[in-house]
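Novice: sequence-free structure coming up:
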């Protein structure tokens, strides 16, 4: 839950307070990492490889990313804006977090 809160805090820092970074697509990489970790940590909190639960966490990642972007579009005084490509980066990150969890869980089970 703390990671989810951190996502909201970081995504609502006013744009003028963010450091200038000279890395191509840095914003997208940040979203990708935030939501990859988001889904991975949620799955670690209740380890399960059931397809329905994996899908639920993936959907929660997409929904959370969408909510963040919608709010950024509404709260224009922060100097932020809605970006559909951020939602895509969030979704890809969430998917890869789920896949990484499933892979590591499977590998851990096979070792036993």
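Specialist: On my side now, so go ahead. Remember, predicted model here, so these are calculated numbers, not experimental data. Numbers count the residues shown, from 1 in each chain.

Novice: Quick check: buried residues in stretch 14-34?
Specialist: By neighbour count, with 16 or more other Cβ atoms under 10 Å as the criterion, the buried positions of stretch 14-34 are 28, 30, 31, 32, 34. Every C-beta, even on glycine, is put in place using the N, C-alpha and C of the backbone.

Novice: which strands and helices sit next to the helix or strand encompassing residue 60?
Specialist: Following DSSP states H and E, the helix or strand that holds residue 60 is helix 51-74. Counting contacts by 3 or more Cβ pairs under 8 Å, 6 or more residues apart in numbering; DSSP states H and E, helix 51-74 packs against helix 2-11, helix 26-45, helix 84-111.

Novice: mean confidence score for that helix?
Specialist: Here the mean pLDDT over helix 51-74 is 94, rounded to a whole number.

Novice: List of residues touching it?
Specialist: When contacts are defined by Cβ atoms under 8 Å, 6 or more residues apart in numbering, helix 51-74 is touched by residues 4, 7-8, 11-12, 31, 35, 38-39, 42-43, 46, 48, 78, 80-84, 86-87, 89-91, 93-95, 97-98, 101-102.

Novice: re earlier: dump the helices and strands packed on helix 51-74 to JSON lines, plus mean pLDDT and distance to residue 67.
Specialist: Rendered in JSON lines, the data for these read as follows (pLDDT from 0 to 100; distance: least, Cβ to Cβ, whole Å):
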{"stretch": "helix 2-11", "mean pLDDT": "91", "distance to residue 67": "9"}
{"stretch": "helix 26-45", "mean pLDDT": "93", "distance to residue 67": "12"}
{"stretch": "helix 84-111", "mean pLDDT": "93", "distance to residue 67": "10"}
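
Novice: Please work out which of those helices is packed deepest.
Specialist: Neighbour counts (mean count of other Cβ atoms under 10 Å) averaged over each of those peak at helix 26-45, with a mean of 19.

Novice: Good, wrapping up.
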